[in-house]
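1. pasting the sequence and the predicted model now:
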Amino acid sequence: MSKLSRAMWDASTPPPNNPPGFQAAAGYIGGNTPHVWTRAEWQRLGKLAKLPIWVRSNPTTAGQGHAEAFVALEQLYAIGCPPGHAVALDLETAVDPAYVTAFGSVMRWAGFYVWVYGSRSSVFGNPHLDGYWVADYTGAPHFPAGPVVRACQWQAGPLIDRSVVKWWSWRNRLWR
Amino acid sequence: MADWEPGRWWIVIAPDGSHWCETSDEQEAIESMRPGDRLWRQFVYRDEEFREITPATAKQQ
């Protein structure tokens, strides 16, 4: 495991106070998610490194991926996240290379990097685009093997989930 | 005096400029390389200077 990592939390709805001991946070910008974070919720994080997430756990076609990427871009604009940063594409357990490739092509055109998120058992079946964020609930911080693994969600909790992000990606890819 | 010192991080860059691998393990980075990939190592810039302090401050430090 890479020794240099940074702790990141994510939550469907952000807790009222930022959890201590983390150097990054991830939140939702749209897709099939119960709550899309508001601009105020993002702003409450201040200068903390941030990772916006688009969720599509039931992808269907490349056309859907293409269209939804433009919706994601609108939302990134709305929350003030500029190009040059990473956005996570949350597929849960879905495997759909056509959707992922289409979503990624639009986001790359717009200048964003896309990290493909999903369960360890399925995520590697999708194209890696700019890297994988792997859900692997071992209960301890770690990174699954693989050169394009950028982050690992190692614990799912009732309020927040916990991940580790590799240092270079944390420093160079996350929005602040 | 200032100097560059080798750091503890390596990245592998693909021929198209995309970021392929990052790791604190040099061997892992090398093993991940594909034809045409380039290996980069972090270097850290260190600098120093003298600053005037008061004796009271010196005791605290």
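-> Good, I have the coordinates. Residues are numbered from 1 along each chain as shown, chains lettered A, B, ... in the order given.
2. C-alpha only now, for contacts and for neighbours.
-> Noted.
3. mind listing what residue A:59 touches?
-> For residue A:59, the contact set (Cα atoms under 8 Å, 6 or more residues apart in numbering or on different chains) comprises A:65, A:91, A:94, A:96, A:99.
4. just say helix, strand or coil for residue A:40.
-> Secondary structure, DSSP: H, G, I helix; E, B strand; the rest coil: residue A:40 is helix.
5. show me what contacts the closest residue to chain B within chain A?
-> Using Cα to the nearest Cα, the closest approach of chain A to chain B is made by residue A:147 at 4.5 Å. Shown in contact with residue A:147 (Cα under 8 Å, 6+ apart): B:20-22, B:29, B:32.
6. between the residues you listed, which is nearest chain A?
-> When those are compared against chain A (criterion: Cα to the nearest Cα), the nearest one is residue B:21, at 4.5 Å.
7. what's the helix or strand for that closest one?
-> strand B:19-23 (DSSP states H and E).
8. that strand close to chain A?
-> Yes: interface with chain A: strand B:19-23 contributes B:19-23 (Cα under 8 Å from any Cα of the partner chain).
9. show me what secondary structure element comes after that strand.
-> Using DSSP H and E, the first helix or strand after strand B:19-23 is helix B:26-32.
10. list the buried residues of that following helix.
-> If you call a residue buried by 16 or more other Cα atoms under 10 Å in any protein chain shown, then helix B:26-32 has these buried ones: B:26, B:28-30, B:32.
11. now distance to chain A too, for these, in JSON lines please.
-> Shown next, in JSON lines, are the buried residues of helix B:26-32 (distance: Cα to the nearest Cα, whole Å):
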{"residue": "B:26", "distance to chain A": "10"}
{"residue": "B:28", "distance to chain A": "8"}
{"residue": "B:29", "distance to chain A": "8"}
{"residue": "B:30", "distance to chain A": "10"}
{"residue": "B:32", "distance to chain A": "6"}
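12. cool, thanks, signing off.
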